[in-house]
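J.: The following block contains a protein sequence and its predicted model.
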Amino acid sequence: MGKAKSAKAAEKKRQRLLAAQVTKRVKESIKAAYEVENPAAGLEPFLAFDVNIAPSNQSNACALGDKASGTVASDADGTVGIPSPSSAADVPKDTVQDDGLDKNCDKVPVQVSFQSSPLPVDLHDACLDLFKANMSDMYQASSWGLDLEEKSSELRHETARFLVVEAATDTDGAGASNGAKRNVLAFVHFRFEPNDEEKPTGEVLYVYEIQVSDKAQRSGLGKRLMNIMELVAHKNGMQKVMLTVFKMNGGAMKFYLDKMKYGIDESSPSNFDGELADYEILSKVVGKKKK
């Protein structure tokens with residue numbers, strides 16, 4: 001019995017040491033990602049595109065216009081591979097201009113920028129306004145409730161990072177500068193985080209927010225931005241991209257599960273008996289598991 005107890009104690013000690021090593025590695029990996037001045041550097045070919053916006057008298061059904069297109073390649077094990085700019089024939093259909101949807105739409109040149117917290121006040125306010133326009137009703141109907149001060153603080157968090165898409169001109173073709181309000185077509189708020197605060201086993205890029213303005217929806221912009229997030233995650237050593245989606249948001253759930261090939265993450269409340277929640281945590285593997 002003495003030997004059995006000794007062996008059991010040794011195994012527990014070994015598991016503790018392994019867990020400590022993994023925790024240290026995850027923390028160092030996340031720290032390194034935050035030390036990169038621009039985590040999207042090197043992905044410029046994927047940040048060059050126009051957005052086709054429907055006239056105000058019709059619903060938007062316009063495809064993205066690519067200046068330099070690219071697809072996200074997948075390895076046999078499902079992880080994301082390093083992509084290269086591709087021909088239009090290899091680009092997903094909803095990112096190609098020749099599908100006939102954009103003939104009555106306005107091609108708007110955009111400026112895509114990486115931003116770190118804190119955002120300039122006018123940009124912060126524009127992003128918060130876009131969140132309010134898209135999500136206020138859904139948050140009010142959820143168990144979370146709508147707290148704009150909390151959301152504003154979330155956008156100001158010291159680790160918050162952003163990819164912002166702004167129209168280079170306003171919808172009437174006038175200059176977007178001259179003190180005018182920021183014309184934000186979409187933004188992504190993301191952070192590099194451990195997959196579990198107490199017992200981390202991997203590092204993830206967590207998409208806290210992805211919002212696309214109504215005039216740019218159904219243009220392929222949301223898919224483009226999520227593809228870019230997957231590339232940023234892979235490039236910066238993250239294992240997964242994760243995000244939270246309200247169950248009531250059927251369109252978003254279908255988009256991520258069917259179109260983007262995300263799955264219900266093992267940490268999602270629906271995987272635990274007795275856990276009732278009005279949201280799911282989704283994830284997609286973008287890098288090989290580290291030892």
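T.: Structure received.

J.: going forward, measure contacts between C-alpha atoms and count neighbours the same way
T.: OK.

J.: quick one: low-confidence ranges for the stretch 51-200 of the chain?
T.: Within the stretch 51-200 of the chain, the segments meeting pLDDT under 70 span 54-104, 169-180.

J.: just the helices in it please.
T.: 121-140, 148-155 (DSSP state H, counting those that start in this stretch).

J.: is residue 184 in a bridge, and if so with what?
T.: Assessed by DSSP bridges, residue 184 has beta-bridge partners residue 166.

J.: where's it relative to residue 145, distance?
T.: According to Cα to Cα, to the nearest Å, residue 184 stands 25 Å off from residue 145.

J.: now swap in residue 264 and tell me
T.: 23 Å.

J.: Those two - which one has more neighbours?
T.: Higher neighbour count among residue 264 and residue 145: residue 264, with 18 against 12, using other Cα atoms under 10 Å.

J.: Please name the bridge partners of the more buried one.
T.: Applying DSSP bridges to residue 264 yields these beta-bridge partners: residue 282.

J.: contacting residues around residue 131?
T.: Taking Cα atoms under 8 Å, 6 or more residues apart in numbering, we find residue 131 in contact with residue 211.

J.: in the protein, which residue is closest to the centre?
T.: residue 207 (4.1 Å; Cα atoms, centre = their mean).

J.: My read is that it contacts residue 241, right?
T.: Yes - the criterion here is Cα atoms under 8 Å, and residue 207 meets it with residue 241 at 7.2 Å.

J.: chain center to the helix or strand harbouring residue 26, what's the gap?
T.: Using DSSP states H and E, residue 26 sits in helix 2-35. Mean-position distance between helix 2-35 and its chain equals 30 Å (Cα atoms, centre = their mean, to the nearest Å).

J.: So for it, mean pLDDT?
T.: Average pLDDT, helix 2-35: 80.

J.: Likewise for stretch 212-232?
T.: For stretch 212-232, the per-residue pLDDT averages 93.

J.: could you list every residue that touches residue 204?
T.: 192, 193, 194, 195, 233, 238, 239, 240, 241, 242.

J.: is it true that the fifth one touches residue 241?
T.: Yes - at 6.8 Å, residue 233 counts as touching residue 241 under the criterion of Cα under 8 Å.

J.: Give the residues shared as contacts by these two.
T.: 204, 205, 286.

J.: any chance of the residues you listed in CSV, with distance to residue 39 too?
T.: Output for the shared contacts of residue 233 and residue 241, formatted as CSV (distance: Cα to Cα, whole Å):
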residue, distance to residue 39
204, 14
205, 11
286, 15
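
J.: Which of the helices of the stretch 51-200 of the chain has the highest mean neighbour count?
T.: helix 121-140 (a mean of 16; mean count of other Cα atoms under 10 Å).

J.: Just the C-alphas of stretch 107-126, formatted as PDB.
T.: What follows is stretch 107-126 as a C-alpha-only set of coordinates in PDB (Å, rounded to 0.1, in the frame of the first residue of the first chain):
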ATOM      1  CA  LYS A 107     -18.600  50.600 -54.900                       C
ATOM      2  CA  VAL A 108     -17.200  52.300 -51.800                       C
ATOM      3  CA  PRO A 109     -13.400  52.300 -51.200                       C
ATOM      4  CA  VAL A 110     -12.600  51.500 -47.600                       C
ATOM      5  CA  GLN A 111      -9.800  52.100 -45.200                       C
ATOM      6  CA  VAL A 112      -9.000  49.000 -43.000                       C
ATOM      7  CA  SER A 113      -7.000  49.800 -39.900                       C
ATOM      8  CA  PHE A 114      -5.700  47.900 -36.900                       C
ATOM      9  CA  GLN A 115      -6.300  49.800 -33.600                       C
ATOM     10  CA  SER A 116      -5.300  49.300 -30.000                       C
ATOM     11  CA  SER A 117      -7.200  50.600 -27.000                       C
ATOM     12  CA  PRO A 118      -8.000  53.300 -26.200                       C
ATOM     13  CA  LEU A 119      -9.600  54.300 -29.500                       C
ATOM     14  CA  PRO A 120      -9.800  57.900 -30.500                       C
ATOM     15  CA  VAL A 121     -13.000  59.300 -29.000                       C
ATOM     16  CA  ASP A 122     -14.800  59.800 -32.300                       C
ATOM     17  CA  LEU A 123     -13.900  56.300 -33.400                       C
ATOM     18  CA  HIS A 124     -15.000  54.800 -30.000                       C
ATOM     19  CA  ASP A 125     -18.300  56.600 -30.200                       C
ATOM     20  CA  ALA A 126     -18.900  55.500 -33.800                       C
END
